[in-house]
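> Got a predicted structure here, sequence first:
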Amino acid sequence: MEEQSSSPMRALFIGFGNVGQKVAEVLFVEREKHPRLVNLNLSIIGIVTKSRGSLVNNAGVNVVRALKDIQDIGRFSSLGFELVNISGLDAIRQLDYDVLIELSTLSIQQRGEPALSHVREALKRGKHVVTANKAPAAFAYHELQSLAREKGVRFLHESTVLDGTPVFSLAREGLKGCTISSVSGVLNSTTNFVLSRMEQGESLESAVKTAQREGFAEADPRHDLEGWDAAAKITVLANALLGASMTPFDVDRQGITHVKVEDAQRAVKAGKHLKLICKAWSEGGTVRARVSLQEVEHGHPLAPIHESGSILMIESDLLAPFVITETDPTLCDTAYGVINDLLSVACK
Ligand SMILES: NC(=O)c1ccc[n+]([C@@H]2O[C@H](COP(=O)([O-])OP(=O)(O)OC[C@H]3O[C@@H](n4cnc5c(N)ncnc54)[C@H](OP(=O)(O)O)[C@@H]3O)[C@@H](O)[C@H]2O)c1
């Protein structure tokens, strides 16, 4: 494939947890392992966190040291001249950057705040936004996209569903002219992982702890177990691919907190699997969405996804239904979705 070189870009990170650190690691530590990233010309001029300190340097933050500090002492070191006291919103309003990389925690009960305000303020200033946080697209997708269009910038969110596996970029490039009538899938890694482990006799609590250790469970496990993360994902898909204007509160939602090991094992004995299925579909001119626990037969298109994998089926007017599968993702998958979006911004 032909390489396309990108213009230099200055990035501001809000959030430097699992995903932020992995993006930084791929771009600034492991870069030579990924020769096709050579043309992504990115400097990080600011990193803002909630409790680990914030770094600002117009000439480019020392990212390798920032990563080492977090690893060694759990926060940015107070010895550096880059360490400042600044809120996310102030950084977004005051600093000189081209792209906001919004990687703060998902908030549902606060209706996406403060991430939604972070994204809105950056777009208002004519800055591109790349985010893995589902909240902005789940609570204000059309407002943010039209603001981005008005300002001539991009609002991209590939990693919000199926981590970095292409869904939104695939739809933009590969489904031109198609009207999508429904999307359905297993979209929440933690619940799928927990249900798979319960089939083997492990308790819900123990499986959740493993998912947290591996970094794919949400910071607040209730978001996963009560179906909120799945509801946020199906909302983003409904808004972005089916033209809906809904929020996670409009989704008919079920979680898995009530499931017992015996329920999962009984389903397996009957040749089925318990799955938390997300679905959004057009019906009589409106879009509806649901997250529900279902027993799916072995041969069902969404059945063969185990542990932390995800799967999505897309139905449209011009193509036969097709399925996108993500098998055993790691944090690198999510980081790649962010990087893919950065390349879309950079290589216009
Ligand atoms: N982990 C995954 O595999 C994955 C996959 C797809 C999407 N996502 C989404 O990506 C986002 C980041 O995930 P993560 O796993 O990196 O989360 P995380 O490890 O919990 O990190 C979140 C980061 O956001 C910071 N933060 C929270 N509120 C903030 C605020 N008001 N202002 C500034 N910084 C704030 C936190 O600061 P402190 O460091 O001080 O706590 C932390 O650095 C989330 O929205 C998540 O839903 C994650």
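Sure thing, it's come through. Everything numeric in this text was worked out from a predicted model, so none of it was measured.

> show me where the stretch 51-200 of the chain has strands.
Using DSSP state E, counting those that start in this stretch, the strands found in the stretch 51-200 of the chain span residues 54-56, 83-84, 99-102, 128-131, 155-156, 180-186.

> export those to JSON lines and tack on mean pLDDT, distance to the ligand and mean neighbour count?
(Each C-beta comes from the backbone N, C-alpha and C, glycine too.) Formatted as JSON lines, the strands of the stretch 51-200 of the chain follow (pLDDT from 0 to 100; distance: least, Cβ to the nearest ligand atom, whole Å; neighbours: other Cβ atoms under 10 Å):
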{"stretch": "strand 54-56", "mean pLDDT": "97", "distance to the ligand": "8", "mean neighbour count": "23"}
{"stretch": "strand 83-84", "mean pLDDT": "92", "distance to the ligand": "13", "mean neighbour count": "16"}
{"stretch": "strand 99-102", "mean pLDDT": "98", "distance to the ligand": "8", "mean neighbour count": "26"}
{"stretch": "strand 128-131", "mean pLDDT": "98", "distance to the ligand": "8", "mean neighbour count": "27"}
{"stretch": "strand 155-156", "mean pLDDT": "98", "distance to the ligand": "13", "mean neighbour count": "24"}
{"stretch": "strand 180-186", "mean pLDDT": "98", "distance to the ligand": "15", "mean neighbour count": "23"}
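
> what's the closest of those to residue 73?
When these are compared by Cβ to Cβ, strand 83-84 sits nearest residue 73, at 12.4 Å.

> what does the stretch 1-150 of the chain have sitting close to the ligand?
Residues of the stretch 1-150 of the chain lying close to the ligand by Cβ under 6 Å from any ligand atom are 14-20, 48-52, 88, 103-106, 114, 132-134.

> in the chain, what residue is nearest the ligand?
Closest residue of the chain to the ligand, Cβ to the nearest ligand atom: residue 17 (1.9 Å).

> Narrow the residues of the stretch 1-150 of the chain next to the ligand to just the buried residues.
14-20, 48-49, 52, 88, 103-104, 106, 114, 132-134 (16 or more other Cβ atoms under 10 Å).

> Out of those residues, which sit inside helices?
Per DSSP state H, helices hold the following members of these: 18-20, 88, 134.

> for the ligand, what are the nearby residues on the stretch 151-300 of the chain?
So far as Cβ under 6 Å from any ligand atom goes, the stretch 151-300 of the chain lies against the ligand at 159, 163, 215-216, 218-219.

> can you redo the residues you listed as a markdown table with neighbour count and pLDDT?
Below are those laid out as a markdown table (neighbours: other Cβ atoms under 10 Å; pLDDT from 0 to 100):
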| residue | neighbour count | pLDDT |
| --- | --- | --- |
| 159 | 28 | 98 |
| 163 | 25 | 96 |
| 215 | 14 | 75 |
| 216 | 21 | 74 |
| 218 | 21 | 70 |
| 219 | 11 | 71 |
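
> I appreciate the help and will end here.
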